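# Okay, sequence plus prediction incoming.
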Amino acid sequence: MTADNEIDIKEAFQRAQKGHNNKAKLVASLKSRYNKLEDKSLFHEEFAHYLKYAMIVYKREPAVENVIEFVARFAASFQSPPKTNEEGDQQQEEEEEDDDAEDDHPFLSFIFNFLLESHKANSHAVRFRACQLINKLLGSMAENAQIDDDLFDRIHQAMLVRVTDKFPNVRIQAALAMTRLQQPTDPDCPTINAFMLILENDTNAEVRRAVLSCIAMSPRTLLKVLKRTRDIKENVRKLAYQVLADKVHIKALSIAQRVSLLQQGLHDTSEAVREVVCSRLLPAWLLRLDGNIIELLHRLDVENCAETALETLKAIFKNIPTEELLQNQVELDNRRLIPKDSLTCENVLYWRALCEFIRSKGDDGDEMLEQVLPDAATYADYLCGYLKAVPVLSEEQRADFNQVELVMTKEFISQQLIHLIGCLDTNEEGGRKRVLAVLQDMLALPQTPSSLVYLLTEKLLNLISDDHRRIQTVAEIISDVREPITAASQPVDENEKRRQQVQLAEVKVRILEAKQTLEDCISAQEFSQAAELKNSITDLENRRNQILQDIAESNQVADKEVRTEKNDPDTLLRCLTMCAELLKQMNIKTRIGPTTSALMSSLILPSIASAHPAVRNMAVVCLGTCALHSKELAKTHMVLLLQIAQLDEVKIRISALRDIIDLLLLFGFQLLSETAATEVARPSQSSPENQDDDMAVATEEKADIPEDTAQSILVMLSEFLDSEVSDLRTETAEGLAKLMYTGRISSAKMLSRLVLLWYNPVTEDDIRLRHCLGVFFQLYARESRAHQEVVEESFLLTVRTLMNAPATSPLAEVDINNVVELFVELTRPGALIKPSTNTEVCVHDYMAVRICGEMMKDPTAPEVRLYAKTLSNLELSRDETVREDLQTLLQQLVQVVKDRVCLRALEKMIYQLADSKEQAELLSTTALQPLDVNADEAAADDPSKSAKRPKRGQRKACTAKGGKKPSRRAESSEESDGENVPESASMVRPSRRAKTAALEKTKLDLNPLINQEANVS
């Protein structure tokens, strides 16, 4: 019996299994015994002997984990604590000798040699435990610890091999063990190269997370870590953002990388990832910038990513108390305005974000908003003054990049100031009228930049609630912009002026003569003649006054105000932009009135024939938006939109295509039928006896032509799906998805085209297309049973296309098994949002019948094996009639199919469908007995056969439930427990029976094995 402070190895291992024991005391006792031994080799052999009992256990049993922890502590206890700098300066040579002695400690050398010899074992449990112990040993060493170069190389080579192990847990421990073996300054460091390879290619998420948690940051590894922020697994993305927040300075990232991180992180589908960005990444960046939010905006390109910057500011504001928000406000003057000279892109964006955030608080934020924003009238004058100060560049100035950049900056600031109008309190009548007046003046001002027109129009329309008043206001502005009032000066005609002077002199002479004669007549008392002269004098004086007035008018060279129509591209684009914004803001139920019709005839339709693409594009947008308000207008101009969609430039074709899709979504394909019927069903001048025949022909044409018109549109859209222009292809796919989801189109062929487009490698870089279709397939199939039937109908069409694709086609690279899995998942009965309550035949039953029929056509075709595999994955209904029909079809297939793999899959289906009494009869009629797993499945299904001895060539009972081979993803998730990796993936809560079984398993005790071995020896 040993002393109280010493224990033997067996007792140490037995006591170490229990978690309540103090492992420090065990380590001290065993170390005391070890130090007293002269021959260490016997201790090493016995220690390794008992350690092997723990190393053969793969599961993370508490007893085994306690033993591993004890072994790691015991081995690490032979490392002396690091010395201080003073001791190092005084005894440098002695310290080096001590280090050498420590590095060459017999037990450490033994345990490392033992583990390095064990890492190649056939048992994955031994490999796992060996890597785990190496990881714990290296991790427990001091920060400035040193090991022998040869040992370093051996550990390095062994772990490089183990990071490619088949089992994820082994790879995780090997990766963690290499954490301290990295050399970031070495561009050819094999450890870092291995880590980067794992991040790129390892299929197990926990392995990628383990590497993320321990990889050293460098310019090379930073790119790989950034890429993991787009990982398919939520926990990997979350950890990647945590690593970037903790290990990477904001200055180490480029502007594009910062913006990309914020865009992806703040819009991530996972709430946990978004929370990490808001609570870890942004505070870390602000901490490195001394909490200066404006400085953070400087680190972002706010002019080109204003929306991302706004979302970033709102995320920051959510974590800041309200009082601090007002304390950290931008520098406002006594009018609560930023001085115009102090306006920058960053502080004006911060001002806008702060006001919008406070306004979003509702009534609680009204008082706070008054502290950071002036009244409406004051702000309107402030905005007007700044907008008028935006310079207009001449042709020479546009060649100067600095001038262009200055104007672009002022336009960006103007946009943010216009956005702030939405935060103003416009309930007061005077302030609202002043804002409206400023907006109208700015829209009518020719110097206003074109980039601000749509914003000014939007804010103007938001302040006017009545649609008719909106139309009238915008129409008046458009009239002032397109037909401005100009002063026209008329030159004075000298000849006309001289003629008027002569006439005036002549009239004056005649007046004098008449007055003289009048006096003579009065003197002679010829009163009748005097009366006549008096009347003539009055006429002459009136004539004189008229001539004087004409001369006065001609002497005043007056400028006459006339309206001149402007048709230059800038003016037309400005007017069309206002018109488009008006039509967009109008209620869809508001019909086309006289004012809108006048805009259509005088502005929109003439602009479609413009030679400038930008004008044509905006005109097409206006035409399509206007047609949404009038079905008659839509019928009239649908043909024009179809022609534009096929003949014009790409951008204009896309705009026309959007208009067509919107019209079909609103009015349906009946719009085309009514148009065609109107064109066809025209009354003909026929005799009474031929009238019935004409009516019949017209009826046939009414039925045929609408279908042909709709078919021609679908053909056009189908051709667009094959376009080399990615934007046009994406817009078409999105439009077809909308039409199919809303029920306007129900076409299996078109759905097949969309599936093929989704899988086509050509569209790999088209992120918007892939995302749109990926969401559409799920929503479409889950919406209704009718949609699932369309998906089922398109299944064989898609598979045939893929199987018949030539080797030169991109579709030849598509994994058909993945496509089949998609169709099976989309058509599962449980996938419906509202599952059917009645016991009707499910879609998988129809799919099974179709697949059997396809297999019967050519039982020797290569796709027969694919079809057989698909049959085994279907969820068939319990309807007896359906099962009997399927059994009949399967039995017929068994007689004609020769492929052994297919036969096994078909017979498996027969066993699943048949009753237990019929299985023996069916077994005798089959042409091939089940092999391998299928024999076990049959035994599992029929307990009476489970005790039979397996036939020759067959294996014994297998644990594969239901005969299904576990998928690679499921296998990796079961094997990988993510130890030492922060925040492992959440698992499904086990049932009570599973908990009880797990509790029994955790009671594993190594003592019986140790005692049994001792008794045998």
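That came in fine, so what should we check first? Numbers count the residues shown, from 1 in each chain.
# ranges for the strands of the stretch 51-200 of the chain?
Applying DSSP state E, counting those that start in this stretch to the stretch 51-200 of the chain gives no strands.
# make that the chain, sorry
With DSSP state E as the criterion, the chain has strands at 485-489, 559-563.
# isn't Met442 right up against Cys384?
Yes: in terms of C-beta atoms under 8 Å, Met442 counts as a neighbour of Cys384; the distance is 6.9 Å. Every residue, glycine included, has its C-beta placed from N, CA and C.
# Could you give the number of residues near Leu349?
A count of neighbours around Leu349, defined by other C-beta atoms under 10 Å, yields 25.
# Pull the contacting residues for it.
Leu349 sits next to Leu297, Val302, Ala306, Ala309, Leu310, Leu313, Gln416 when contact means C-beta atoms under 8 Å, 6 or more residues apart in numbering.
# how about the nearest residue to the second one, chain neighbours excluded?
This means Val302. In this structure, Val302 finds its nearest non-sequential neighbour in Ala309, 4.6 Å apart by C-beta to C-beta, 6 or more residues apart in numbering.
# what about the one you found, neighbour count?
23.
# quick one: pLDDT of it?
Looking at Ala309, its pLDDT stands at 93.
# quick one: it and His298 touch, right?
No: Ala309 lies out of contact with His298 (C-beta under 8 Å); the separation is 10.7 Å.
# Overlap of the contact sets of those two?
Contact criterion C-beta under 8 Å, 6+ apart; residues shared by Ala309 and His298: none found.
# From one end of stretch 730-750 to the other, what's the distance?
End-to-end distance for stretch 730-750, by C-alpha to C-alpha, to the nearest Å: 15 Å.
# Check which residues of it are buried.
730-740, 744-745, 747-748, 750 (16 or more other C-beta atoms under 10 Å).
# Please apply the same query to stretch 817-837.
Within stretch 817-837, the residues that qualify as buried by neighbour count (16+ other C-beta under 10 Å) are Val819, Val820, Leu822, Phe823, Val824, Leu826, Thr827, Arg828, Pro829, Ala831, Leu832.
# how about the residues you listed in JSON lines, adding distance to Asn804?
As requested, the buried residues of stretch 817-837 are exported to JSON lines (distance: C-beta to C-beta, whole Å):
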{"residue": "Val819", "distance to Asn804": "14"}
{"residue": "Val820", "distance to Asn804": "16"}
{"residue": "Leu822", "distance to Asn804": "19"}
{"residue": "Phe823", "distance to Asn804": "17"}
{"residue": "Val824", "distance to Asn804": "21"}
{"residue": "Leu826", "distance to Asn804": "22"}
{"residue": "Thr827", "distance to Asn804": "23"}
{"residue": "Arg828", "distance to Asn804": "27"}
{"residue": "Pro829", "distance to Asn804": "31"}
{"residue": "Ala831", "distance to Asn804": "29"}
{"residue": "Leu832", "distance to Asn804": "32"}
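# could I get these as TSV with pLDDT and distance to Val507?
Formatted as TSV, these follow (pLDDT from 0 to 100; distance: C-beta to C-beta, whole Å):
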residue	pLDDT	distance to Val507
Val819	92	103
Val820	91	107
Leu822	92	102
Phe823	91	103
Val824	90	108
Leu826	91	100
Thr827	90	104
Arg828	88	106
Pro829	84	107
Ala831	80	102
Leu832	83	101
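# Could you name whichever residue is most remote from the centre of the protein?
Distance from the C-alpha centroid of the chain, by C-alpha atoms, centre = their mean, peaks at Ala524 (112.1 Å).
# give me phi/psi at that residue?
With angles defined as degrees, to the nearest 10, Ala524 sits at phi -80, psi 0.
# Looking at Met442 and Cys384, which is more packed in?
Using other C-beta under 10 Å as the criterion, Met442 and Cys384 rank with Met442 on top: 22 against 18.
# Please name the residues that touch the more buried one.
Met442 makes contact with Cys384, Leu387, Thr448, Leu452, Leu456, according to C-beta under 8 Å, 6+ apart.
# which residues of this protein score low on pLDDT?
The chain contains residues with pLDDT under 70 at 1-6, 21, 80-104, 328-329, 485-493, 555-563, 673-708, 836-840, 915-1017.
# Residue ranges of each domain in it, please.
Following the TED database, one finds the domains of the chain at 9-79+105-181, 287-468, 494-553, 569-672, 838-922.
# Redo these as JSON lines? Include distance to Leu757.
Listed next are the domains of the chain as JSON lines, based on distance: least, C-beta to C-beta, whole Å:
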{"stretch": "domain 9-79+105-181", "distance to Leu757": "35"}
{"stretch": "domain 287-468", "distance to Leu757": "29"}
{"stretch": "domain 494-553", "distance to Leu757": "75"}
{"stretch": "domain 569-672", "distance to Leu757": "16"}
{"stretch": "domain 838-922", "distance to Leu757": "21"}
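# Asp202 is nearest to which of the ones you listed?
Ranking these by proximity to Asp202 (C-beta to C-beta) places domain 9-79+105-181 first, at 7.1 Å.
# just the helices in the stretch 551-700 of the chain please.
With DSSP state H, counting those that start in this stretch as the criterion, the stretch 551-700 of the chain has helices at 569-585, 594-599, 605-608, 613-627, 631-647, 650-667, 670-680, 691-721.
# tell me the most buried of the ones you listed?
Comparing the helices of the stretch 551-700 of the chain by mean neighbour count (mean count of other C-beta atoms under 10 Å), helix 613-627 ranks first with a mean of 24.
# Please enumerate residues in contact with that helix?
569, 572-573, 576-577, 579-580, 583-584, 592, 596, 600, 603-605, 607-610, 633-634, 637-638, 640-641, 644, 648-649, 651-652, 655-656, 658-660, 662-663.
# Now with 7 Å, please.
Helix 613-627 has contacts (C-beta atoms under 7 Å, 6 or more residues apart in numbering) with 569, 572-573, 576-577, 579-580, 583-584, 592, 596, 600, 604, 607-608, 610, 633-634, 637, 641, 644, 648-649, 651-652, 655-656, 658-659, 662-663.
# got the contacts of Leu349 as a markdown table, with distance to Met855 columns?
Formatted as a markdown table, those follow (distance: C-beta to C-beta, whole Å):
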| residue | distance to Met855 |
| --- | --- |
| Leu297 | 64 |
| Val302 | 61 |
| Ala306 | 58 |
| Ala309 | 59 |
| Leu310 | 58 |
| Leu313 | 61 |
| Gln416 | 65 |
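# Alright, I will stop here.
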